[in-house]
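Enquirer: Next input, structure requested:
(chains A and B)
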Amino acid sequence: MIILGIESTAHTFGVGIVRDKDPFILADVRANYIPKEGGIHPREASRFFATKAHEVIKQALEQARISINDINAIAVALGPGLGPCLRVGATIARALASFFNKPLVPVNHSVAHVEIGLKLTGARDPVIVYLAGGNTMIIAFNDKRYRVFGETLDIALGNLIDVFAREVGLAPPYVRKGVHVVDECADKGSKLLDLPYIVKGQDVSFSGLLTAALKHYKTGKYRLEDICYTLREIAYSMVVEVSERALAHTSKNEVLLVGGVAASRRLQEKFKLMAKIYDASVHVVPPRYAVDNGVMIAWTGLLAYKHGVVIPVEKAVVRQRWRLDEVEIPWRS
Amino acid sequence: MAFRRGGDTLEKLELIYKGAEAYLFKSTFLDTDVIVKYRLPKPYRDPLLDRRIRRDRTILEARIIARVKELGVPVPALYMVDPEKAIIIMEYIHGIRLKELINHANISTIETYVREVGRSIGIMHSAGIVHGDLTTSNIIVKEGTPYIIDFGLAQYSDELEDKGVDIHLFLRSLESTHPRFVDRLFKAFMKGYEEIVGSRGKESILEKVREIRMRGRYVEERRLRKQ
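Expert: Just a heads-up that it's a prediction; the model follows:
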């Protein structure tokens, strides 16, 4: 079985082709939209996708050395994400499915991050910590679905560090040699300042921390390195603390980090220190698959398609706020 | 024990609960049974941040317990607070958890207790205090009086959202422990709550609870039971 998957939820238009035996990745092609300034502009990103899509698909088929006829089904990320971006992927997927008469498989982007993490790390039943630009969630599988144990009440962890980096002039670029600029700056700091640490039950809140950190910066009284150090210490500790609660509560013995922020070395160290208390292991999705990509959509599509999950073309509409806990996971039940 | 004080004052520490944040010990202190709550240091936090968090949370929890007791709500008495060591020593409530009682006592007795809990939460909410973890495990009935315990996640808050979460969590725990009598018990709870906050206060909180339940997080709980 061969599945082609399309990702277009935010800044990456990615096409992956996978099969049901190892090595499972046949193709992985991506086009990344990089804004000239500021954050992601959904309209511009979607225009960029529309111009790149045909090339990306063509390259993916060439890389896999197959023709579109060899593909069993088309998988597409229908959400969650930015409306204009999602619509490009959905339109292309619907067109491919109807023109070539292929089944269409709806994939939830968050579920795909989880599934590719499980596939690539070999973790079996972990507490999953999904940290990205638009998402911060502590997840565990229970009774047919991935359940959300804790999440951010406002902005995501990735958003916190990106916005801070941009506002104080550290970014763009946000990442240098695989290290986020805030991480890099924080490594040179050491003094803990008085910034708010906000954990409410199982949930975290970062917007107050962002505001306070920017306020500290604007006074000019503190070293930027110390602000970065404090921001990082507090933000990461908050996430580790709520993850610890989920681990203690579920009695699971693995932690899996997925999403773009998972690449942070300091964050991984903190998770290892926490997991040690419970004799749990820490797994981290490889950096290339921590960020958005088409392979994770294709892989999740393959799992779903094998369990009969398909969607009629006319019903395949995007869902910007499609939560992962709304999705039934028949392949793990 | 690292936090033993004054020689043999705190005797026979018996670990009774291991939480992610704190350990609870049963012990005797000045000849009374007590609970010793010890907030654990976390190796993954900057040491200064760790001390600050454990100290601040210990102080906050103790202050809230003291304030709630002042308001006349049955809660454990505070015996000692040591913020630097992150320890609270409080009264051990000899009783039965509502969660267990609910399956054994007759339903009208439970209704009386739950209505009393509704009053207690109404009093706390009116004073701008939310519990943060209101479940049937955190209510202990002693000599016919329901005590509210574990203020580890309590906060000062006048946000309808936070208060709504208290009610929602309580409803959810009723649903999971006693599905057959949820409607009756929740009605009794809200009756007690209304006695304190009035009918408008009750309506606005129920509206909030409905809204909370409509969110994706609680996909299976979208139906708020009819009042």
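
Enquirer: for residue A:173, what are its contacts?
Expert: Taking C-beta atoms under 8 Å, 6 or more residues apart in numbering or on different chains as the definition of contact, the neighbours of residue A:173 are residue A:181. Any C-beta I mention is one placed from the backbone N, CA and C, and that applies to glycine too.

Enquirer: all helices of the stretch 201-333 of chain A, in order?
Expert: A:207-219, A:224-250, A:265-277, A:287-290, A:294-306 (DSSP state H, counting those that start in this stretch).

Enquirer: Of these, which stretch is the most buried?
Expert: Counting by mean count of other C-beta atoms under 10 Å in any protein chain shown, helix A:294-306 has the highest mean neighbour count of the helices of the stretch 201-333 of chain A, with a mean of 29.

Enquirer: for that helix, packing partners?
Expert: strand A:2-7, strand A:12-19, strand A:25-32, strand A:73-79, strand A:104-108, helix A:109-121 (3 or more C-beta pairs under 8 Å, 6 or more residues apart in numbering or on different chains; DSSP states H and E).

Enquirer: Contacts for that helix next, please.
Expert: Counting by C-beta under 8 Å, 6+ apart, A:1, A:3-7, A:14-20, A:24-25, A:28-30, A:60, A:72-77, A:103, A:105-109, A:111-113, A:115-116, A:119, A:289, A:330-331 sit against helix A:294-306.

Enquirer: so residue A:37 sits in a helix?
Expert: No - read with DSSP: H, G, I helix; E, B strand; the rest coil, residue A:37 is coil and lies in no helix.

Enquirer: OK, contacts around it?
Expert: Taking C-beta under 8 Å, 6+ apart as the criterion, residue A:37 is in contact with residue A:172.

Enquirer: cutoff 6 Å now
Expert: Shown here is residue A:37, which makes no contacts under the criterion C-beta atoms under 6 Å, 6 or more residues apart in numbering or on different chains.

Enquirer: what about the residue of chain A most remote from its centre, distance to residue A:193?
Expert: Most distant residue from the mean C-alpha position of chain A: residue A:221, 35.6 Å away (C-alpha atoms, centre = their mean). When C-beta to C-beta, to the nearest Å is applied, the distance between residue A:221 and residue A:193 equals 10 Å.

Enquirer: Give the buried subset of the contacts of helix A:294-306 as a ChimeraX selection command.
Expert: Buried members of the contacts of helix A:294-306, defined by 16 or more other C-beta atoms under 10 Å in any protein chain shown, are picked up in ChimeraX with:
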select /A:3,4,5,6,7,14,15,16,17,18,19,24,25,28,29,30,60,72,73,74,75,76,77,103,105,106,107,108,109,111,112,113,115,116,119,289
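
Enquirer: Please go through the contacts of helix A:294-306 and note which also touch chain B.
Expert: When C-beta under 6 Å from any C-beta of the partner chain is applied, no member of the contacts of helix A:294-306 is adjacent to chain B.

Enquirer: how about the helices of the stretch 201-333 of chain A in TSV, adding mean pLDDT and distance to residue A:123?
Expert: As requested, those are exported to TSV (pLDDT from 0 to 100; distance: least, C-beta to C-beta, whole Å):
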stretch	mean pLDDT	distance to residue A:123
helix A:207-219	97	29
helix A:224-250	95	13
helix A:265-277	97	12
helix A:287-290	94	13
helix A:294-306	98	15
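
Enquirer: out of these, which comes closest to residue A:154?
Expert: With respect to residue A:154, and counting by C-beta to C-beta, the nearest of the helices of the stretch 201-333 of chain A is helix A:207-219 at 4.1 Å.

Enquirer: Show me what the closest one packs onto, helices and strands only.
Expert: Other elements packing on helix A:207-219 under the criterion 3 or more C-beta pairs under 6 Å, 6 or more residues apart in numbering or on different chains; DSSP states H and E are helix A:157-167, helix A:224-250.

Enquirer: Distance from the last one to the middle of the chain?
Expert: So the one you mean is helix A:224-250. Relative to its parent chain, helix A:224-250 has a centroid offset of 18 Å by C-alpha atoms, centre = their mean, to the nearest Å.

Enquirer: Then stretch A:47-55?
Expert: That offset, for stretch A:47-55, works out to 21 Å (C-alpha atoms, centre = their mean).

Enquirer: try stretch A:139-146
Expert: For stretch A:139-146, the gap between its own C-alpha mean and the chain's C-alpha mean amounts to 18 Å (C-alpha atoms, centre = their mean).

Enquirer: Let me see the mean pLDDT of that stretch.
Expert: Per-residue pLDDT over stretch A:139-146 has a mean of 89.

Enquirer: Against residue A:132, how distant is the residue of the stretch 1-150 of chain A found nearest chain B?
Expert: With distances taken as C-beta to the nearest C-beta, the stretch 1-150 of chain A approaches chain B most closely at residue A:148, which sits 5.9 Å away. Note on residue A:148: its distance to residue A:132, by C-beta to C-beta, is 14 Å.

Enquirer: Need the helices of the stretch 201-333 of chain A in a markdown table (columns: distance to residue A:197).
Expert: Below are the helices of the stretch 201-333 of chain A laid out as a markdown table (distance: least, C-beta to C-beta, whole Å):
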| stretch | distance to residue A:197 |
| --- | --- |
| helix A:207-219 | 8 |
| helix A:224-250 | 5 |
| helix A:265-277 | 14 |
| helix A:287-290 | 26 |
| helix A:294-306 | 32 |
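
Enquirer: still on that earlier bit, so the residue farthest from the centre of chain A versus chain B, what's the distance?
Expert: As for residue A:221, its distance to chain B is 19 Å (criterion: C-beta to the nearest C-beta, to the nearest Å).

Enquirer: what's near enough to touch residue B:15?
Expert: Taking C-beta under 6 Å, 6+ apart, we find residue B:15 in contact with residue B:25.

Enquirer: let's go with 7 Å and repeat that
Expert: Each residue near residue B:15 by C-beta atoms under 7 Å, 6 or more residues apart in numbering or on different chains is listed here: B:23, B:25.

Enquirer: List the beta-bridge partners for it.
Expert: In this structure, residue B:15 has the following beta-bridge partners (DSSP bridges): residue B:25.

Enquirer: Distance of it relative to chain A?
Expert: 15 Å.
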